[in-house]
Every structure is written in structure tokens, then in C-alpha cells.
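Participant: coords please:
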Amino acid sequence: MLTRMKTVFAVLCWTGFLSAQVAMAQNKTATTPALDGFIFDKGDGVNPWTTPETQKDPGLFRFAVVADRTGGLRTGVFEDAVRKLNLLKPEFVMCVGDLVTGYFEDEKGIEGQWNEFAGIVKNLEAPFFYLPGNHDYSNPVMARKWKERYGRSYYSFSYKSTLFLCVNTEAKGKDGKLDQAQIEYFKNAVAADKSAKWIMVFMHNPIWFKEDEARPSGWKDIQTALEGRNYTVISGHWHEYTKSVRNNQKHFILSTTGGGNNLNGEYFGEMDQLVWITMTQKGPVIANLLLDGVLDEDVVTEKSQKEMSSYLNAFGVTVSPLVITEAVISGRHNVRMKFKNDNDFPARIESRIAANAIVSLQPETMVFHLKPHTVQDAELTVEMLKPVAVEEMPPVTIEAKAFFTPPGFKKELSYKYYADLLADTEHSCAPAKAPVTVDGNLDEWQELPYQADIGGKVTWRENWTGPEDASFRFATAYDKDYLYVAVKLRDDELLVDRSENPWDQDAVAITLDARDETGRGKDLGLQHQFKTHLLFDLSPSEKGRMIWYRQDLLPKDCKAACVKTPSGFNAEIAVPIGYVNEMQKKPWASFRLNVMMNDVDSRGKSQVRWRPDFPSCDPDIGTFTRKFASGGPEGNK
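Facilitator: Modelled structure (predicted):
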């Protein structure tokens, strides 16, 4: 018997396996649950999408709620809310009252206010459910006009298994008390709809918040009727957002949608808002949308982007580098900063210096009010908290924020800029001490004095584990024919031959600006590569042929080599002296250099730079001066 059961079980397992294989052969999406309403092409069994159950909820719907418009009406805000609701496409829109200013008894004036509001609401592309607030129902005349226009001042309705109760807290005047007829109405409405999975209660005055036993509002009677049911209460009136939990049910007081508000921000509950509610089988999911955060598709157009770019490019903050003659920085130094506003409108510039354990800068904060087309100079005092080698000093970041109001804008804009205080010393390029062969073998180089192996010089530092992961040393030299650069790169995981693009794999980029000191620092963007400055972008290969990016754009007779080593890879380049002389219109005296390592590992990509990218740092950074073998200054040789 046992043997027979094992046989049957084996047959069933094998049959199930074959059925699964057939299903996968017929439709390769069989291993992923279907999405209702979607028709997909055939895949390979694993698909790039998810299938959350909530998307299949038959009772799912979405609606919006607007808060108080009046009680300190700010013109245009509610109108803006209507435009943005039309972008969101809710199934309908609720409110919590205070729709008109009210508080007077002139019938013509009351009609005028409601006509104005109706003119706004008619632009809403969804049903709108009215509810009275104290400004809408503040006296018998306004109560009568409400009845003439809208009939009932309290009511209920059901939608997709949800019961909505719309309560008039103003029926008995400013005290926020409910009349007995209204209490009985809602008690009966709750009792009559036993199939409702959730009940949404809307009212203007949050009478549930401070229920006075001596002067009851009538809310407790409705609350008693709601016991044992799932419900959520939403109100307004206070103009400050607050969430409470009473009887394990969520209660909300909304801020405003145009009503009086100091707008101190969401953390104070003071903001113009819309509420977006998604009703699910498990109840409402509530999202507060800041009115300023709901934007239409024209928030940035090609035209406005160009205009804004011109404004931003007209601002600027620069800091002169700390260039010293010694290899170690200590003591105090002064550097200059410049804040620029080259726009046709004024701006305020505020700067802040990030803390650093090595360097102290004073003042730490500065504020300047710049008129159009002006530049403001400032002096920074740099104090070294401890001596540090130039090569080991991390950049000190200075953050500057520009505040400005361009033409056509109603509110002030702000934009952040960053500048680094960099340290450098005098570098020299000496004659080669031995003949240089550009082959990647660095035996003829006696030393490689320049290094990049500290975290302050790494981009995407979260993927960098230390110098053994990615770092390098390099040297420069020249002879009568060529200017040379040699780089020894350390890499614990060499990944190459991924494509013909060095940026897709481990690589080294050597950038050389051979212009004289009057030209260096200008036109250094990507579009000027190989014109104002040269780029040697090299990657070694396991196949015996290095990758050399756009060799065709480099001067004739340039040389390069990039080879794998036991600890990483080496690179050498040679630039004809004739090219350097031509760029300076005379026998060359100096040049500017930078070296960057691209490290692509299985854990992620990082980049190590000797100095920041050319476009973002001062022209004095990374400058090498020609040196004679005797150590004296260069002549016209």
C-alpha cells in the first residue's frame, strides 16, 4: 500500500511539472499573476511589473476635499484649487464650508457672493457637494438664501459602499450646536445603511473636539449611533490642520484653501491645501496635497526653461583657491569670494559654510543685497585647525542661495549654488631623467609624486571602500619632443572590455589645457573638448588592445598606452611639444592638468579625481610650470 501511494504521488508530481512546462511554453507570463484589464505580450516567465491586490479593489474610488475659502478671503487661491483639481480628475469634490464671506443681511449682496462662487465652481470638472460654514449660514437671511439656492443644509448619500454624512454645524447659530431634527436624521441614516463598509462625516465646526458636557452640541448622539462602525470625520473652521484619533477613529481639522492663513508651513498646520482621499476596502487613504505642490504640465516649458537658465547663469559665487608655496598648510590665510548678479533685477545672496574638522572659515554666514549687474566682494579668513598636507586637504564647501523674483513671477524664488575652497601648491614639470617609452611600463619613472587616495576626492563615495579599491599616483616630465604624463592606478576589481566607451568600465581620463595663463579657465565645457583642451580617455583590455576614446580628435603624433598590472593598470601619454608651443604662441612655460579614475565594480561605480573638474575650479588649480634640469626658470629655448 505504501509503495502504491509513493507511485501515485510521483506520478502526480511529474504530471504537475509537465503541466507547468506546457503552460510556460504556451504563455511565458504564466509565472506572474495577471493584471486585470491588461493584455501583455509573451514574456520569459519573469516580468517587469508588480501586481498589488489593491489595484483590483472593486470599491476603489478617489475624491477630493477643499478647506475654508473665506474667513480672511485671499483672492485667487480657490480658483487655483479648481484648476488643479481638474488636473487630478477626482470623481467628486467635498467641502467643509465657509465658501462665501457672508455675515450680512443684504439679499442682493448675498446673491452677488453666491453668484461669484458659483462662477468659480462651474469651472470644476467634477460634481461639487456644498456644506455650510459659519460664513455661509450666519443669520436667518443667509439661511433662507441657502435654502432657496441649495435646498437642504444637511444631507447624506451613498457611493460605492461608503455612506457620506454632511452635517450643518451652523443650524443653531455660532455655538455649533445641532438641532434635534438633524440629530435624528443622521441617527436614522446610519441605522438605515447597514451595508456601508465605511462612513465619511463632513462638518464645518469641529464640534467633536471640545464637547462640553454642560452645553452639549449633539455630536455625542451621532457618535453613539456610529459606535461599532468604521468612520472618519473631516472638518474645518480653525484654519490650522490637526489630526486626532477618537474612539479609534480618525478625525481631521483642515487648514485652508484660500481662507485667512499666515502660511507658516505644514509643520505648523498652516498651508493652503487639498485633501486627496482614496477609498479602499480597508478604509480611506488620505493624502494632503499642498496647493503650491500641484502643478500643471506647463510648469516648465522650453521657453521658460531657457529664460530661467539665463537668470541662473547670471548669478554666481566663486572663491579664490588657497595657493601656497609649501607642501603643508598651517596657520591663517585670507581668500577672496565674489558674489555676482548680472540680471536686470535685484537679488539677495545668502552663503553658509559647511563644518569641517580641519579648516575653520570666518565668517560662517554672509548676506548680500545685490542690485542688478553688480558684483560683491568678500574676504574669508581661513584658519587651519591642524597642519595638513596640500594633497590631503579635503575641499571646504560653501553653499550660496540666491533669492530673486524674475519678471512675471508673483513670489520669490530661490536657487542653491556651491563653491569649494580648494588648496594647491606650486607644481613643476621637469625634464625627463631617463628616456620615456610610451608603453605602460613605468620603470623609467623614478617617482610618482602626485596622489589621489582620500575620500574627499571621490564621487559616489558610498561605492568606494578605500585606496585599495581605487586610487592612483602620477608624474609629469618633458623632453625636446614631448610632454609626458604617467599614471599608476590601483584597482582591486578590474572590469574592462564592456564596450568601446571607457566610461562603461575601469578607465583613466587625463585632461590637459596647454594654453597660457591668459587663456586657461575659459571654454572648458564638454563641447570644447579637443579644441581648447585635450582629453585622453583610456581603458586597458584583456584582449590586448586598449580602448582610446576619440583618438582621431587629438593632435597628430600624440601617443598613449594603457595596460593591465597585477594591482590594477598603468597609463602613459605623450603630447607633442610643437602643439604646446602653438597653443601658447611661444616656447611653452606652463600648462594645466587633471587626472580622473573611473572605477566600475560589481558593488557600484565611483570616480577619483586629483583635482575637481576643470569647469568647476579656479584656473590656478592644477597648474604645472616648466622647470630646467638645473632648477632655474625657463628661458626662450
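Participant: for stretch 465-479, which positions count as buried?
Facilitator: With burial defined by 16 or more other Cβ atoms under 10 Å, the residues of stretch 465-479 counted as buried are 467, 469, 470, 471, 472, 473, 474, 475, 476, 477, 478. All C-beta atoms are positioned from the backbone trio N, CA, C, and that covers glycine.
Participant: what do you get for stretch 393-402?
Facilitator: The neighbour-count criterion (16+ other Cβ under 10 Å) identifies 393, 394, 395, 396, 398, 400, 402 as the buried residues of stretch 393-402.
Participant: There's contact between the fifth one and residue 320 in this structure, I believe.
Facilitator: I take that to be residue 398. No: taking Cβ atoms under 8 Å as the contact criterion, residue 398 and residue 320 are not neighbours in contact, 11.8 Å apart.
Participant: re earlier: so which of the buried residues of stretch 393-402 are in strands?
Facilitator: 396, 398, 400, 402 (DSSP state E).
Participant: For residue 273, state which of the residues you listed is nearest.
Facilitator: Within these, distances to residue 273 taken as Cβ to Cβ reach their minimum at residue 402, with 28.4 Å.
Participant: Measure how buried the nearest residue to that closest one once chain neighbours are set aside is and give me the count.
Facilitator: If you skip the residues right next to it in sequence, residue 402 has residue 315 as its closest partner in space, 4.7 Å away by Cβ to Cβ, 6 or more residues apart in numbering. By other Cβ atoms under 10 Å, the residues close to residue 315 number 20.
Participant: of all the ones in strands among the buried residues of stretch 393-402, which comes closest to residue 187?
Facilitator: residue 402 (59.8 Å).
Participant: For the closest one, list each beta-bridge partner.
Facilitator: Each beta-bridge partner of residue 402 is listed here, defined by DSSP bridges: residue 349, residue 415.
Participant: returning to that earlier point: need the overlap of contacts for residue 398 and residue 320.
Facilitator: The contact sets of residue 398 and residue 320 overlap at residue 337 (Cβ atoms under 8 Å, 6 or more residues apart in numbering).
Participant: quick check, residue 185 in a strand?
Facilitator: No: judged by DSSP: H, G, I helix; E, B strand; the rest coil, residue 185 forms no part of a strand; its state is helix.
Participant: Quick check: it vs residue 422, distance?
Facilitator: Computed with Cβ to Cβ, to the nearest Å, the distance linking residue 185 and residue 422 is 74 Å.
Participant: more neighbours, these two?
Facilitator: Taking other Cβ under 10 Å, residue 185 and residue 422 do not tie; residue 422 has more neighbours (24 against 19).
Participant: Not including adjacent chain positions, what is the nearest residue to the more buried one?
Facilitator: Taking Cβ to Cβ, 6+ apart as the measure, residue 422 lies nearest to residue 321, with 4.6 Å between them; neighbours along the chain are not counted.
Participant: Can you get me a residue count around that neighbour?
Facilitator: Counted with other Cβ under 10 Å, the burial measure for residue 321 works out to 18 neighbours.
Participant: How about residue 106?
Facilitator: For residue 106, the tally of surrounding residues (other Cβ under 10 Å) stands at 10.
Participant: One more: residue 146?
Facilitator: By other Cβ under 10 Å, the burial measure for residue 146, its neighbour count, is 21.
Participant: check contacts around it.
Facilitator: Under the criterion of Cβ under 8 Å, 6+ apart, the contact partners of residue 146 comprise 132, 136, 137, 153.
Participant: what's the spacing between the closest residue to the third one other than its chain neighbours and residue 530?
Facilitator: Looking back up the chat, that one is residue 137. Nearest-residue entry for residue 137: residue 170, 4.0 Å, with adjacent residues in sequence omitted and distances by Cβ to Cβ, 6+ apart. Spatial separation of residue 170 from residue 530 under the definition Cβ to Cβ is 75 Å.
Participant: neighbour-wise, which of those two wins?
Facilitator: The neighbour comparison of residue 170 against residue 530 (other Cβ under 10 Å) goes to residue 170, with 30 against 12.
Participant: Model confidence at the more buried one, what's the number?
Facilitator: Each residue has a pLDDT score; the one for residue 170 is 93.
Participant: Kindly report the same for the one 4 residues further on.
Facilitator: Per-residue confidence at residue 174 stands at 65 (pLDDT).
Participant: the helices in the stretch 51-200 of the chain, which residues?
Facilitator: Listed in chain order, the helices found in the stretch 51-200 of the chain under DSSP state H, counting those that start in this stretch are 77-88, 107-121, 140-150, 180-192.
Participant: can you put those helices in JSON lines and add mean pLDDT?
Facilitator: Conversion of the helices of the stretch 51-200 of the chain to JSON lines gives the following (pLDDT from 0 to 100):
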{"stretch": "helix 77-88", "mean pLDDT": "97"}
{"stretch": "helix 107-121", "mean pLDDT": "95"}
{"stretch": "helix 140-150", "mean pLDDT": "95"}
{"stretch": "helix 180-192", "mean pLDDT": "96"}
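Participant: Could you export the ones you listed as a markdown table, including distance to residue 95?
Facilitator: Below are the helices of the stretch 51-200 of the chain laid out as a markdown table (distance: least, Cβ to Cβ, whole Å):
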| stretch | distance to residue 95 |
| --- | --- |
| helix 77-88 | 10 |
| helix 107-121 | 10 |
| helix 140-150 | 12 |
| helix 180-192 | 18 |
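Participant: Of those, which is nearest residue 607?
Facilitator: Using Cβ to Cβ as the criterion, the shortest distance between residue 607 and those is 40.3 Å, found for helix 77-88.
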